[in-house]
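>>> Mind folding the following:
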Amino acid sequence: METISNFEFLKKDYPDLYKIGKEIEVCYSVDEDSAKVKCRLFIDILSLKIFNSYSNINPNNTYESLDEKIRLLKNILPANFIKEINAFDEIRIAGNNAAHPQQKYRRSKTEDIIQKTYYLSVQFYNYLQNQNISAKQFSFLKKSNVQQKEFELTLAAKNRELASEKERIKSLEEKLNLTAKELSKITHENNPEKFDQLTERQNELKTQIKIQEEKEKNLSSEIQSKNEELDRIKKEKKSIEIQKQKEIENVNKELSETRERNKKLEKQTKEQKEIIKNQHAELIVEKAEQEKIRKEKEVAIAAEIAAKKKIILEKDSELALEKEKIEARSKEKEEKIKSKYAIVPLAIILFLVFLSYFRNNQEAPKSDSNSKPTTEVAIEKPKLNEDNFSNDQGFMDWFKAHEKCKSIKMRLPTKEELRTAYLQGLTKTWRHGRYWSDTESVKGSAYMLDTSDGFFHSAFKDALKLKTKCIK
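Next up, the predicted model:
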């Protein structure tokens, strides 16, 4: 009677997996390493069937190794399949190790690997077919080497039993021959009682011989059947060993190709790392050079600013000394004028009154005695207003401010125009800060107005960025 396979549930929907599952069961009874290699083949085909169930994965796609397939499974399967992914990887490693029995690897227990393969078949059958069958304890077949040994022992016992039966038949035949000889010496008339006894004895021996011959025939038939079964087991074992060798060769080929690809990848990775290392070194050198240039520029600019500041301080000192001298001379002259010409102010006032009167008389038009004298009309300069100035143009150096005003068909206001704007209170509506004027203070510098206090200061045209307003 044929034993029902543990993988029977796969027979209808996945006949190829069912076939491999049966081979795993048979291989286990003959060669454990072959069973592990078959388990590896089983999960390889199972992974492809899982891929085919996903519409976003090309079914015609080819994968170079089982390792790559397992990595893809890890990416596409739900997070709760971590146990199954680990089982996939464990079976893959066990199959690879079984393909190299001559090498010293840590061996996984064959029963565990087969049980995990069966577990994966149940889990993913439920997952792919939307079923809910339960995984049972795997039923292992008796190993062929044990079965073969049992057959050999049984055959030896049967052969001994057959030899014993032959000896018994031979003994009975000898007794039958002796009885026949004795029976031939007497007749029924001479010794009827003994004749009847010998005849009965002869018939009993013939009956026993017939029974023993039938028994021998049955034993011979059974021994022949056992021999045929033993030959079948030996042939099956040999066939599995040949198949195992082929699968080992395929796995070796795949592993060799994988190692070759890994070597190429390692070589490419090493080359890329070397390129990146060289580029990094070049960037470091370039960055150091740029930093050096930047620092040199900063030093040069700082030196230039320091030199210009020094010049400004010297100019300011000279201007302060000159101002002090002028004020001293003015004060001295005023004292002299006050002491020597105390009458001069009165004389000047009288002179101005006379001059005003004279001008009025000279400029008055001729008229009759009834005409009224005309009064002098004072002519004032026009005042500045917000319409004369542009909006705030932002922060920039003097040269850009000059070009900006020019681009909007205006110009920078002079120092006096800014002073007038401040005195008229126009700057109260401006944003507080320092504004460029068009008036130069010294070479390379121009005056700027501080709207917070109305004071003017000198500033380098190209070194500072100040606020800018343009005037019509």
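>>> so where's the stretch 151-300 of the chain uncertain?
151-153, 187-189, 237, 240-241, 244-245, 247-248, 251-252, 254-255, 258-259, 262 (pLDDT under 70).
>>> What strand or helix carries Ser437?
strand 434-440 (DSSP states H and E).
>>> buried residues in that strand?
Arg434, Tyr435, Trp436, Ser437, Asp438, Thr439 (16 or more other CB atoms under 10 Å). All C-beta atoms are positioned from the backbone trio N, CA, C, and that covers glycine.
>>> which of these lies closest to Lys206?
Arg434 (146.9 Å; CB to CB).
>>> and that closest one, what does it touch?
By CB atoms under 8 Å, 6 or more residues apart in numbering, Arg434 lies in contact with Met448, Leu449, Asp450, Thr451, His457, Ala459, Leu466, Lys467.
>>> Only the buried subset of those, as a PyMOL command please.
With 16+ other CB under 10 Å as the criterion, this PyMOL line picks the buried residues out of those:
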select buried, resi 448+449+450+451+459+466+467
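>>> among the contacts of Arg434, which are in helices?
Counting by DSSP state H, the contacts of Arg434 place none of their members in helices.
>>> Which members of the contacts of Arg434 are the farthest-apart pair?
Going by CB to CB, the pair spanning the contacts of Arg434 furthest: Thr451 and Ala459, at 14.5 Å.
>>> Please compute how far whichever strand or helix holds Glu324 lies from its chain's middle.
Take DSSP H and E as the rule and Glu324 turns out to sit in helix 192-340. Centroid separation for helix 192-340 versus its chain: 12 Å, with CA atoms, centre = their mean, to the nearest Å.
>>> Which strands and helices lie in contact with that helix?
When contacts are defined as 3 or more CB pairs under 8 Å, 6 or more residues apart in numbering; DSSP states H and E, helix 192-340 sits against helix 15-30, helix 32-52, helix 82-98, helix 144-185, strand 456-460.
>>> how big is the angle separating that helix from helix 15-30?
Helix 192-340 and helix 15-30 are oriented at 120 degrees to each other (axes from the mean of the first three to the mean of the last three CA atoms, to 10 degrees).
>>> orientation of helix 192-340 relative to helix 144-185 in degrees?
Using the same axes, to 10 degrees: helix 192-340 against helix 144-185 is 180 degrees.
>>> Okay, domains of the protein per the record?
8-129, 144-281, 386-467 (automatic domain parsing).
>>> about what we covered before: want to throw the buried residues of strand 434-440 into TSV with distance to Glu298 and pLDDT?
Below are the buried residues of strand 434-440 laid out as TSV (distance: CB to CB, whole Å; pLDDT from 0 to 100):
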residue	distance to Glu298	pLDDT
Arg434	24	93
Tyr435	28	95
Trp436	25	95
Ser437	29	95
Asp438	31	93
Thr439	31	94
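>>> Looking at those, which one is closest to Lys185?
The closest of the buried residues of strand 434-440, once distances to Lys185 are taken by CB to CB, is Arg434, at 163.3 Å.
>>> mind checking how far the closest one is from Lys267?
To Lys267, Arg434 is 65 Å away according to CB to CB, to the nearest Å.
>>> Please apply the same query to Leu41.
31 Å.
>>> go on, Gln208?
86 Å.
>>> Averaged pLDDT, the host helix or strand of Asn75. What do you get?
Assigned by DSSP H and E, Asn75 belongs to helix 66-76. If you average the pLDDT over helix 66-76, you get 90.
>>> helices and strands around that helix, which ones?
helix 32-52, helix 82-98.
>>> swap the cut-off to 10 Å and go again
helix 32-52, helix 82-98, helix 192-340 (3 or more CB pairs under 10 Å, 6 or more residues apart in numbering; DSSP states H and E).
>>> thinking Leu77 is in contact with Tyr127, fair?
Yes: with contact taken as CB atoms under 10 Å, Leu77 and Tyr127 are classed as touching, separated by 8.7 Å.
>>> between those two, what contacts are shared?
Shared between the contact lists of Leu77 and Tyr127 (criterion: CB atoms under 10 Å, 6 or more residues apart in numbering) are residues Ile50, Glu84.
>>> Look up phi and psi at Met396.
phi -170, psi 170 (degrees, to the nearest 10).
>>> State the three-state secondary structure for the nearest residue to Leu423 once chain neighbours are set aside.
Spatial nearest neighbour of Leu423, chain neighbours left out: Gly454 (7.8 Å); criterion: CB to CB, 6 or more residues apart in numbering. Classification of Gly454 using DSSP: H, G, I helix; E, B strand; the rest coil returns coil.
>>> give the contact list for Gly454.
Leu418, Arg419, Tyr422, Leu423, Thr427.
>>> Equivalent analysis for Ala463, please.
Ile301, Glu304, Ile305, Lys308, Lys309, Asp397, Trp398, Gly444, Ser445.
>>> mind putting the residues you listed in JSON lines, neighbour count, distance to Lys406 and pLDDT included?
As requested, these are exported to JSON lines (neighbours: other CB atoms under 10 Å; distance: CB to CB, whole Å; pLDDT from 0 to 100):
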{"residue": "Ile301", "neighbour count": "11", "distance to Lys406": "27", "pLDDT": "92"}
{"residue": "Glu304", "neighbour count": "13", "distance to Lys406": "27", "pLDDT": "88"}
{"residue": "Ile305", "neighbour count": "13", "distance to Lys406": "27", "pLDDT": "92"}
{"residue": "Lys308", "neighbour count": "16", "distance to Lys406": "25", "pLDDT": "88"}
{"residue": "Lys309", "neighbour count": "12", "distance to Lys406": "29", "pLDDT": "87"}
{"residue": "Asp397", "neighbour count": "17", "distance to Lys406": "14", "pLDDT": "95"}
{"residue": "Trp398", "neighbour count": "25", "distance to Lys406": "13", "pLDDT": "95"}
{"residue": "Gly444", "neighbour count": "15", "distance to Lys406": "20", "pLDDT": "89"}
{"residue": "Ser445", "neighbour count": "21", "distance to Lys406": "20", "pLDDT": "92"}
